[in-house]
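Undergrad: Need a 3D model of the sequence below.
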Amino acid sequence: MDSVKSSTLTPSKSKLARTITKVLHIRALTGIAPVHGIHKVKPQDKISDDCTASKSTGSQSESFDSGEEEFQNRVQLQALLAKLFASISSVKAAYAQLQYSQSPYDAEGIQDADHYVVSELKALSELKQCYLKRQFDPSPETTMLLAEIQEQKSLVGTYDIMGKRLESQARLKGSEITFLREKIEEIKKQNRLLEKSLNQSGSISVPGDIHLSGVNASHFIKVLGHTVKSVRSFVRMMVDEMKSAGWDVNAAAMEIEPDAVYWNDDHRCFAFETFVFREMFDSFHKLNFSLPNESLPEKRKQKQFFFARFMELKLRKAKDFLSQNPRSTFAKFCRVKFLRLIHPKMESSLFGNLDQRSLISSGQFPDTTFFGTFAEMARWVWLLHSLAYSIEPEASIFQVRKGCRFSEVYMESVIDEVYLSPDSDPVVAFTVIPGFMIGKTAIQCRVYLSQ
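TA: So this is what the prediction gives:
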């Protein structure tokens with residue numbers, strides 16, 4: 001009986017189990033959540049949000065991985081570019097070394113630089129292949145640091161070569177300067193010899209049949225040389241007279257140029273020279289030499305007028321001409337210049353009287369050695385002035401102010417170069433002999449220099 005009950009209940013239990021299983025499966029699919037083992041109902045929109053969140057999390061993960069990869073690619077590309085610029089800097093440095101080794105020629109240096117250029121060009125080719133094949137450096141930060149170090153080393157090498165080249169050019173310029181200075185000294189010595197020879201000749205090298213059209217700057221320079229010689233002869237005589245009269249020559253020199261500092265006591269003679277030149281050449285730039293009541297011909301005849309005046313006196317002795325022409329323009333010039341140059345107190349101190357001054361003021365001329373030397377000096381100044389307005393273009397006079405920087409173009413020092421340091425920057429203490437310009441030709445003025 002038990003066995004019968006068992007057989008009759010089994011099919012119904014099996015069917016019930018299958019039914020319950022189906023229901024639970026349906027609830028699970030529809031979101032019904034159990035209580036104490038039975039699912040409760042889950043809202044449909046919440047199910048949708050969970051699905052979206054799940055999908056969003058997956059998308060963000062994929063986006064992060066993509067950004068990281070892009071950043072790594074950018075850094076690796078920057079490292080490649082850093083290596084590229086470093087190699088280019090190395091090529092520039094090697095090329096600079098190659099140029100430097102060519103002059104002066106350095107075979108070993110050229111070979112080393114050539115090998116270095118070739119190796120860097122190979123490195124550039126390898127970088128190109130790495131870029132095309134996308135073979136980037138796995139540690140770009142280290143690569144960029146090494147590339148920067150290489151680039152800085154190349155720049156230092158380039159600047160070092162530039163420095164060597166500039167030093168070489170400076171040495172070359174220094175050699176040229178030394179050579180030119182030696183050349184200048186040689187020319188100055190030749191000029192002094194020519195001047196000495198000219199002064200010893202005692203006459204003007206102007207042909208007797210010279211015409212106005214043939215007068216040029218060389219004639220003016222020769223007459224200027226004789227003029228300088230005559231002024232110095234008069235200055236020597238005047239200083240000797242001062243010493244004989246018991247003058248303090250140094251104090252007298254200080255009165256003429258009170259601010260001058262002389263390299264040695266012998267140079268004080270230049271103060272007396274500048275005094276005489278200053279007085280004798282005063283108004284040289286004026287056609288009539290500022291002589292009162294002197295008329296001049298019309299402009300188109302002036303050159304012929306001054307040339308005739310030059311020819312009239314160039315071969316005559318001053319004293320002879322004055323004795324024969326006491327009322328001439330040259331005689332008036334001598335009177336004006338003597339009375340200005342020789343102060344009454346000076347004449348009285350030197351000679352004990354004013355006899356020479358009295359004769360000159362009365363229209364006569366003293367027959368003394370002192371006045372004879374003065375008259376000869378005045379003749380040369382007169383001839384130089386006449387010649388200045390005879391030549392074409394006319395000569396113009398100039399001098400430089402105290403404190404001007406020395407220029408070898410327009411100035412010549414009256415003292416030996418031994419007194420001046422090569423590194424000094426000398427300035428003009430005073431002008432001794434004026435200079436002249438004839439067109440674009442400069443006849444240097446002669447100056448006394450101080451530091």
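
Undergrad: Can you give me the domain assignment for this protein?
TA: When the chain is parsed with automatic domain parsing, its domains come out as 71-173, 204-393.

Undergrad: In CSV, list those along with mean pLDDT and mean neighbour count.
TA: C-betas here are computed from N, CA, C, even on glycine. As requested, the domains of the chain are exported to CSV (pLDDT from 0 to 100; neighbours: other CB atoms under 10 Å):
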stretch, mean pLDDT, mean neighbour count
domain 71-173, 79, 15
domain 204-393, 92, 16
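
Undergrad: will you turn these into TSV that also has distance to Lys440?
TA: Formatted as TSV, the domains of the chain follow (distance: least, CB to CB, whole Å):
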stretch	distance to Lys440
domain 71-173	28
domain 204-393	9
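
Undergrad: out of the ones you listed, nearest to Thr431?
TA: Ranking these by distance to Thr431, with CB to CB as the measure, places domain 204-393 first at 6.5 Å.

Undergrad: Of the domains of the chain, give the one that comes closest to Phe436.
TA: For those, the distance to Phe436 is smallest for domain 204-393, at 7.3 Å, taking CB to CB.

Undergrad: and the longest helix seen in the chain, what does it pack onto?
TA: The longest helix of the chain (DSSP state H) is helix 140-201. When contacts are defined as 3 or more CB pairs under 8 Å, 6 or more residues apart in numbering; DSSP states H and E, helix 140-201 packs onto helix 44-102, helix 217-244.

Undergrad: picking up where we left off before, and the domains of the chain: which comes nearest Ser413?
TA: Nearest of the domains of the chain (CB to CB): domain 204-393, 10.7 Å.

Undergrad: just how off-centre is the closest one within its chain?
TA: 42 Å (CA atoms, centre = their mean, to the nearest Å).

Undergrad: Stretch 152-169 now?
TA: Centre-to-centre, stretch 152-169 and its host chain are 23 Å apart (CA atoms, centre = their mean).

Undergrad: Please apply the same query to stretch 117-129.
TA: From the chain centre to the centre of stretch 117-129 is a distance of 43 Å (CA atoms, centre = their mean).

Undergrad: Please apply the same query to stretch 70-78.
TA: Offset of stretch 70-78 from its chain centre (CA atoms, centre = their mean): 51 Å.

Undergrad: and if you look at stretch 129-145?
TA: How far stretch 129-145 lies from its chain's middle: 50 Å, per CA atoms, centre = their mean.

Undergrad: List of residues touching that stretch?
TA: Where contact means CB atoms under 8 Å, 6 or more residues apart in numbering, the residues beyond stretch 129-145 that reach it are 73, 75-80, 82-83.

Undergrad: follow-up on the earlier one: which among the helices and strands packed on helix 140-201 is found nearest to His267?
TA: helix 217-244 (12.9 Å).

Undergrad: Can you classify the residue nearest to Leu291 when sequence neighbours are not counted by secondary structure?
TA: For Leu291, ignoring the flanking residues on the chain, the nearest one in space by CB to CB, 6 or more residues apart in numbering is Lys332 at 5.6 Å. Lys332 carries the three-state label helix when classified by DSSP: H, G, I helix; E, B strand; the rest coil.

Undergrad: got the angle for the helix or strand harbouring His385 vs helix 217-244?
TA: Per DSSP states H and E: His385 is located in helix 369-388. Between the axes of helix 369-388 and helix 217-244, defined by axes from the mean of the first three to the mean of the last three CA atoms, to 10 degrees, the angle is 160 degrees.

Undergrad: Give me the helices and strands touching helix 369-388, please.
TA: helix 217-244, helix 269-280, helix 302-313, helix 318-324, helix 329-341, helix 355-361, strand 395-398.
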